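Visitor: next one to model:
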Amino acid sequence: MKKYFILLITFLVLSAGIKTYAQSEKSNQRITVEIDYGKEKETKTQTINVSGNITALEALQYAAEVHTHPAGNYVFVDAIDGVEGVRGKKGWYYEVNGKSADKLAIRKQLTAGDHVTWIYKKDVCSKKADKKDRCDSE
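Guide: Predicted coordinates:
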């Protein structure tokens, strides 16, 4: 009987250790943030370790100095590391894993292993926002 009791205790202790390890791996997720400044600066890539849920905008804020402003239901990225968007000309947009954003960066939840690329390029969103059309990427 003692033998089974010891075996049961050993099994429970090992199970708890495996569960704790799995939880710690999940809570320490790595996300890569790439910033393409266009011709303004060299591209910057940084891998960040985060715990829990994080949005595309929060990941950017871990990797760079970011200035934003709200406009109605939107939050626009005005500048990253001093490179400012010029309304109607150039602005900041992002992709996740090589695909265009389907949500505002403040709402786009990332998962472990995601690669977020912020790109300084032609502003196609300001006019849509002015007309109150849907413009989901920043």
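Visitor: ramachandran coordinates for the residue most central in space within the chain?
Guide: Residue closest to the average C-alpha location in the chain (Cα atoms, centre = their mean): Ala56, at 2.7 Å. Main-chain dihedrals, Ala56, degrees, to the nearest 10: phi -60, psi -40.
Visitor: could you shift the numbering so residue one becomes 53, and keep it that way?
Guide: That works, and once the first residue is 53, the last one we named lands at Ala108.
Visitor: residue contacts, it?
Guide: 146, 148, 153, 157-158, 160, 162, 168 (Cβ atoms under 8 Å, 6 or more residues apart in numbering). In short, each C-beta sits where N, CA and C put it, glycine included.
Visitor: of those, which belong to strands?
Guide: Those of the contacts of Ala108 mapping onto strands are 146, 148, 168, per DSSP state E.
Visitor: mind listing what Val102 touches?
Guide: Val102 neighbours (Cβ under 8 Å, 6+ apart): 80-81, 83, 111, 114.
Visitor: that one pairs with what?
Guide: Gln81 (DSSP bridges).
Visitor: how about the strands of this structure, start to end?
Guide: Using DSSP E, the strands of the chain run over 81-88, 96-102, 118-123, 126-132, 135-136, 142-148, 151-152, 167-174.
Visitor: so how do I select the buried members of the contacts of Val102 in PyMOL?
Guide: Filtering these down to the buried ones (16 or more other Cβ atoms under 10 Å) takes a single PyMOL command:
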select buried, resi 81+83+111
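Visitor: mean neighbour count, the strands of the chain: which tops it?
Guide: Mean neighbours per residue, mean count of other Cβ atoms under 10 Å, is largest over the strands of the chain for strand 142-148, with a mean of 21.
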